[in-house]
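# Return atomic coordinates for the entry below.
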Amino acid sequence: MNIENFFKTYPEVAIAFSGGVDSAYLLCMAKRYGKRVKAYYVRSEFQPEFEYQDACKIAEQLEAEMKVIYLKGLEDHKVRENPQNRCYFCKKNIFGNILEEAKNDGFQVILDGTNASDDAGDRPGMKALEEMKVMSPLRLCGLTKEEIRKRSKKEGLFTWDKPAYACLATRIPTGELITEEKLQAVERAEGYLFSLGFQDFRVRSREFHAILQLPFSQWKLLVENREKILQELKKDFRSVVLDLEVRDE
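Just a heads-up that it's a prediction; the model follows:
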């Protein structure tokens with residue numbers, strides 16, 4: 001099956017939309033080949049502001065209707081306590097809300113942007129999607145992340161080279177309580193590093209100790225901005241350290 005045939009089979013779809021590479025391309029194809037399409041963006045403590053802005057921008061570019069669902073993810077203690085399968089409970093919460101909204105809007109088919117490169121065996125959240133009958137057209141059509149980027153560039157989507165960005169909760173180690181304060185600290189730290197020109201990095205939080213994970217090629221930029229980074233990040237973190245176990249780009 002190719003993506004055009006998928007939307008001929010399922011012409012009316014609701015799309016769980018993040019504004020990332022995969023869901024942007026999926027929305028683009030749905031708008032082209034589908035008959036009725038609506039995107040659903042869930043705003044919670046786990047998404048930084050720039051992700052929301054990107055989602056709005058790409059939806060506007062594609063002239064797609066986007067509904068924003070506001071969700072307090074940390075109200076679920078099974079998410080807040082951060083167990084090994086936290087993603088399962090989080091996905092159940094997120095997609096449960098999308099399913100309810102989409103059903104109220106008359107949709108029976110719910111899609112997400114999982115692609116053929118994603119490892120289902122390593123993602124508890126995928127179990128939740130299977131249980132809720134969420135379909136993943138990019139995966140079903142055998143489209144890998146590399147192919148989606150290539151096609152997105154051809155379509156003129158600004159997301160084609162957007163770095164992968166996992167939710168903010170992934171910055172907190174399993175078993176450590178997730179709080180809104182910790183998530184906001186990480187968002188501010190990563191936002192500041194973005195402003196200095198860093199890319200493809202993470203700021204991990206360990207009980208308010210920041211661990212920077214940067215490509216080796218960006219260490220020079222880190223040294224050049226060391227004092228500024230320390231001054232800014234120590235507004236939120238007790239210490240700031242560099243993870244030396246990193247592979248080059």
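# what's around residue 66, how many residues?
Neighbour count of residue 66, defined by other CB atoms under 10 Å: 18. From N, CA and C alone the C-beta is placed, and that goes for glycine too.
# which residues of this protein fall in helices?
Using DSSP state H, the helices of the chain run over 3-9, 21-33, 49-61, 77-80, 86-104, 124-131, 137-140, 145-155, 180-195, 219-224, 226-233.
# Give the buried residues for the last one.
The neighbour-count criterion (16 or more other CB atoms under 10 Å) identifies 229, 232-233 as the buried residues of helix 226-233.
# likewise the third one?
Judged by neighbour count (16+ other CB under 10 Å), helix 49-61 contains these buried residues: 51-52, 54-55, 58-59, 61.
# and the angle from it to helix 21-33?
20 degrees (axes from the mean of the first three to the mean of the last three CA atoms, to 10 degrees).
# Would you map out the domains in the chain?
Split into domains by automatic domain parsing, the chain comes to 3-161, 179-242.
# Give me the neighbour count for the closest residue to residue 243 other than its chain neighbours.
Counting by CB to CB, 6 or more residues apart in numbering, the nearest residue to residue 243 once its immediate chain neighbours are dropped is residue 213, at 4.7 Å. By other CB under 10 Å, the residues close to residue 213 number 15.
# Next: residue 197.
Around residue 197 there are 10 residues (other CB under 10 Å).
# Next one: it from residue 163, what distance?
13 Å (CB to CB, to the nearest Å).
# what sits against the closest residue to residue 169 other than its chain neighbours?
Once flanking residues are discounted, residue 169 sits nearest to residue 46: 5.1 Å by CB to CB, 6+ apart. Counting by CB atoms under 8 Å, 6 or more residues apart in numbering, residue 46 touches 73, 90, 167-169, 183.
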